[in-house]
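> Sequence and computational prediction follow.
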Amino acid sequence: MSDLERAERISLEELAERIKTMGFRCQRCGDCCTGPDAEVLVFPSEVRRVIAHTDQPWLEVVEPPKTGVWDSDGNFHTLEWMLRRSGNRCAYYDAASGSCRIYPARPDICRTYPFYLDGDELRVSECRGLGMEMDDEEALHIAHELKRRLISEIMEEREVRSRFSGFAAADRPERPTGVCIVHDGEGAHRVPLRRGWTE
């Protein structure tokens, strides 16, 4: 059975029961939106959702992740996109009000935090809201979002693999071309390389 078939067979009711047993209620603390680990990777469909909400151009919404691999021509390669950051936090986190400025269009990882699926295993990230009481409807909603997110991740990975043409990896060049090539489910995109990116 494929990963996609296993994901499609996940029972929402059983998943919701596991979520409810763990318990969760957002504390609006902003911990998941700030700090060095608060990098939100997004797929093209999620970027378009934010663009529709904000009317911002693509490269004002997202940037390439800072980790990747150099090729022998001096280009930097990385996977998917990352919501732009402002200093040490997500650019869409309003620290003054403790709220998200793109909440209705927020990415899937934000919709399901602190929960995620590793195959059909429910996992959690560190969060102050864990262990708080929740009702059946809330748990079922998160279960639905988690299953949808897992299926999206599997489909995106398949698309990336099918479109990836490969390249010869190399050490960091003395004179980079200044080009970053982002590989996602829609192909390879060339964008300007930013300072501070590493391998």
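Yes, it's here.

> Is Glu39 in contact with Thr67, as I believe?
No - with contacts counted by C-beta atoms under 8 Å, Glu39 stays clear of Thr67, the gap being 9.6 Å. (Each C-beta comes from the backbone N, C-alpha and C, glycine too.)

> all helices in the protein, in order from the N-terminus.
3-8, 12-22, 44-54, 58-61, 108-112, 136-163 (DSSP state H).

> Asp120 contacts Glu5, doesn't it?
No - between Asp120 and Glu5 there is no contact, the gap being 11.1 Å when judged by C-beta under 8 Å.

> Show me which of the two is the more surrounded one.
Using other C-beta atoms under 10 Å, the more surrounded residue of Asp120 and Glu5 is Asp120, with 15 against 9.

> tell me the contacts of the closest residue to the more buried one other than its chain neighbours?
The shortest distance from Asp120 to any non-neighbouring residue, by C-beta to C-beta, 6 or more residues apart in numbering, is to Ile10 (5.5 Å). Ile10 sits next to 117, 120, 147, 150 when contact means C-beta atoms under 8 Å, 6 or more residues apart in numbering.

> before we move on, the earlier item: right, and the helices of the chain - which one's nearest Arg190?
Closest to Arg190 of the helices of the chain is helix 58-61 (C-beta to C-beta; 11.7 Å).

> where in this protein is pLDDT low?
For the chain, the stretches with pLDDT under 70 are 195-199.

> Now with 80, please.
194-199 (pLDDT under 80).

> Spatially central residue for this structure, please.
Leu41 (2.8 Å; C-alpha atoms, centre = their mean).

> nearest spatial neighbour of that one, skipping sequence neighbours?
Going by C-beta to C-beta, 6+ apart, Leu41 has Glu80 as its nearest residue, at 5.1 Å.

> Distance check, that neighbour against Arg194.
16 Å (C-beta to C-beta, to the nearest Å).
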